[in-house]
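**Q** Return a 3D structure for these sequence lines:
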Amino acid sequence: MTPSGRGLVVFAAGVAMWIAARLLGSPALEVVGFGLTCLPFLAAAYVRMGKQQVALRRRLSEGRVQPGTRVTVTIDVENRSGGPTSFLLVEDRLPPALGRPARLVVSGVQRHAVEHVSYTILPQSRGRFRLGPLSVDVSDPFALTRQRIEFDLRDELLVIPEVEDLLGASDPSSGPSFGAMRARHLFRTGEEYYTMRAYQEGDDLRRIHWPSVARTGDIMIRQDESSRRSSGLVFLDTRASALGQAHTPAFERAISVGATLGVLLAQRGFGLRLATADAAPAPVSEERFLDALAGISHASTRSIGTALVHLRAGASADTTLIYVAPPPVPTELPSLIRAGAGYGPKLAVLVYPMDPTALPPERLAQMEGRATQGRLALTRSGWDCIVLSPSMRLKERWHAPKEHRLARSV
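**A** The predicted structure is shown next:
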């Protein structure tokens, strides 16, 4: 039980009035001063004896969102005592990334009734955020004292990386069909079928293999087993020495690119695997893939050699490789090309670790030369290659028919 700011003012005013009354010899004023001095204590006794029983519950409009999505948090305030509550101040503590603690005022709740108060948060970056605990300040009718009640209620808000829509309409000036061509190349194993089987009632008639029908006289269905045979491996170079630390522009752009392409693979029926600079490839579902990317951070390791060994060991002709990293240094290129040799379709998305427009001419020329050398070497080895700056979205380059000098196109 603590006095509020108003309670301290009333107490101080009562003491001052009592002293003034004693000096002036005014018994009436002395009684008023004594009454004001005692009022905060009487209010504290009222709150303590009232034994107000309040229960709180928190509800999120969505528990899993992308950055920039507004989330409404509703708090249910239930009065379980036999009489109405007085003035209530509800406080919900938030992580610093989501802003300052939310403070909500409830004027009063009737007995055995529930009041609903809400506020909104707008997460701007991916991550796992813990909301809570909750607390409520119970006050007297004059708001002279307050009693804080803590509720250890915590909820998790999962902000997954931004996932771009690569299948939407492209910019007509960049070639409307090139994005579809790139997708067909990337997912070409998903267009194949593995074997045939006899028709069963309920099968899709579009899957009938007419040449087999003409040859055998039996209705045969194409047995599409691409979901079992084909998989996609998304590799993210999470080294702090490569793309910087977590939540820097280049690192977050790489995470968004990996999330976008991984979701695209999953939606095409591919099994997903995820690998990073310090973690070997591991199978994941689409949901677990995005959940893992929501909490991923930078790695302290400086060499990518071990990661490339893991990539090479998991190579398969039925696996599509997505490689998201900064432009490789010349000494890394031979190992990277050897690691990708055993895969089917291969796509490298090279993200500049810094915005080219912020670099001096010498650094810009060095970075452009490194990106050009890496892109040409990978393209000659059968890779598709896209180069991005930290501020550029993948969709802007997905439909582009050829790569231009990046610094001149931003």
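**Q** Which strand residues bridge residue 129?
**A** Counting by DSSP bridges, residue 129 forms beta bridges with residue 157.
**Q** Leaving out sequence neighbours, find the closest residue to residue 32.
**A** Take residue 32 and drop its neighbours on the chain: the residue closest to it by C-beta to C-beta, 6 or more residues apart in numbering is residue 17, 6.2 Å away. From N, CA and C alone the C-beta is placed, and that goes for glycine too.
**Q** Number of residues surrounding that neighbour?
**A** Residue 17: 20 surrounding residues under other C-beta atoms under 10 Å.
**Q** For residue 322, list each beta-bridge partner.
**A** Residue 322 has the following beta-bridge partners by DSSP bridges: residue 234, residue 347.
**Q** State which helix of this protein is the longest.
**A** Criterion DSSP state H: the longest helix present in the chain is helix 27-50.
**Q** if we can go back for a sec, may I ask you to confirm that the residue nearest to residue 32 is in contact with residue 35?
**A** No: look at residue 17 against residue 35 with C-beta atoms under 8 Å: they stay out of range, at 9.3 Å.
**Q** Now do the SS call for residue 73.
**A** strand (DSSP: H, G, I helix; E, B strand; the rest coil).
**Q** Check it and give its pLDDT.
**A** The confidence metric pLDDT takes the value 97 at residue 73.
**Q** And for the one 3 residues further on?
**A** On pLDDT, residue 76 comes in at 96.
**Q** The residue nearest to residue 32: what's it in contact with?
**A** With contacts defined as C-beta atoms under 8 Å, 6 or more residues apart in numbering, residue 17 is in contact with 29, 32-33, 36.
**Q** try residue 235
**A** 275-276, 281, 307, 311, 321-325.
**Q** tell me the phi and psi of residue 283?
**A** With angles defined as degrees, to the nearest 10, residue 283 sits at phi -70, psi 140.
**Q** quick revisit: packing partners of the longest helix of the chain?
**A** For helix 27-50, the packing partners by 3 or more C-beta pairs under 8 Å, 6 or more residues apart in numbering; DSSP states H and E come out as helix 5-24, strand 145-151.
**Q** Which positions within the first one qualify as buried?
**A** Across helix 5-24, burial judged by 16 or more other C-beta atoms under 10 Å covers 6-7, 10-11, 14, 17-18, 21.
**Q** Farthest-apart pair in the contacts of residue 235, please.
**A** Using C-beta to C-beta, the two most remote members of these are 281 and 325, lying 15.1 Å apart.
**Q** Hmm, residue 164 is touching residue 396, no?
**A** No: Residue 164 is beyond contact range of residue 396, at 9.5 Å (criterion: C-beta under 8 Å).
**Q** wait, what's in contact with residue 359?
**A** residue 367.
**Q** rewinding a little: list just the nearest of the contacts of residue 235 to residue 124.
**A** The nearest member of the contacts of residue 235 to residue 124, counting by C-beta to C-beta, is residue 324 at 21.7 Å.
**Q** pLDDT at the closest one, what is it?
**A** Predicted confidence (pLDDT) for residue 324: 98.
**Q** And for residue 405?
**A** Reported pLDDT for residue 405: 43.
**Q** And for residue 195?
**A** On the pLDDT scale, residue 195 is placed at 61.
**Q** and if you look at residue 216?
**A** Note on residue 216: pLDDT of 80.
**Q** Distance of it relative to residue 205?
**A** The spacing between residue 216 and residue 205, counted by C-beta to C-beta, to the nearest Å, is 17 Å.
**Q** Dump the helices and strands packed on helix 27-50 to TSV, plus distance to residue 301 and mean pLDDT.
**A** Below are those laid out as TSV (distance: least, C-beta to C-beta, whole Å; pLDDT from 0 to 100):
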stretch	distance to residue 301	mean pLDDT
helix 5-24	53	85
strand 145-151	42	84
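**Q** out of these, which comes closest to residue 123?
**A** Across these, residue 123 has its closest neighbour in strand 145-151 (22.9 Å, C-beta to C-beta).
**Q** where does this protein dip in pLDDT?
**A** 1, 43, 46-51, 141, 168-178, 188-197, 200-204, 206, 222-229, 401-410 (pLDDT under 70).
**Q** Run a quick neighbour tally on the closest residue to residue 309 other than its chain neighbours.
**A** Nearest non-adjacent residue to residue 309, counting by C-beta to C-beta, 6+ apart: residue 339, 7.6 Å away. Neighbour count for residue 339, taken as other C-beta under 10 Å: 25.
**Q** Residue 261 now?
**A** Using other C-beta under 10 Å, residue 261 has 23 other residues around it.
**Q** check contacts around the residue nearest to residue 290 when sequence neighbours are not counted.
**A** Residue nearest to residue 290 in three dimensions, not counting chain neighbours: residue 160, with 4.4 Å by C-beta to C-beta, 6+ apart. Contacts of residue 160 were listed using C-beta under 8 Å, 6+ apart, and they are 64-66, 126, 259, 290-291, 293-294.
**Q** Residue 363: which of the buried residues of helix 5-24 is nearest?
**A** residue 6 (60.0 Å).
**Q** what residues go with each domain of the protein?
**A** Residue ranges for each domain of the chain read 2-50, 54-159, 178-186+230-409, 192-226, as given by automatic domain parsing.
**Q** looking at those, which is buried most?
**A** Mean neighbour count (mean count of other C-beta atoms under 10 Å) peaks for domain 178-186+230-409 among the domains of the chain, with a mean of 18.
**Q** hey, C-alpha coordinates of stretch 310-323 in CSV?
**A** What follows is stretch 310-323, C-alpha atoms only, in CSV (Å, rounded to 0.1, in the frame of the first residue of the first chain):
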residue,chain,number,x,y,z
HIS,A,310,27.8,-30.0,-44.6
LEU,A,311,26.1,-28.6,-47.7
ARG,A,312,28.2,-30.9,-50.0
ALA,A,313,27.5,-33.9,-47.8
GLY,A,314,23.7,-33.4,-48.1
ALA,A,315,23.7,-32.9,-51.9
SER,A,316,21.1,-34.6,-54.0
ALA,A,317,20.0,-34.2,-57.6
ASP,A,318,16.4,-34.0,-56.4
THR,A,319,17.2,-31.1,-54.0
THR,A,320,16.8,-27.4,-54.9
LEU,A,321,19.5,-25.3,-53.2
ILE,A,322,18.8,-21.8,-52.0
TYR,A,323,22.0,-20.0,-51.0
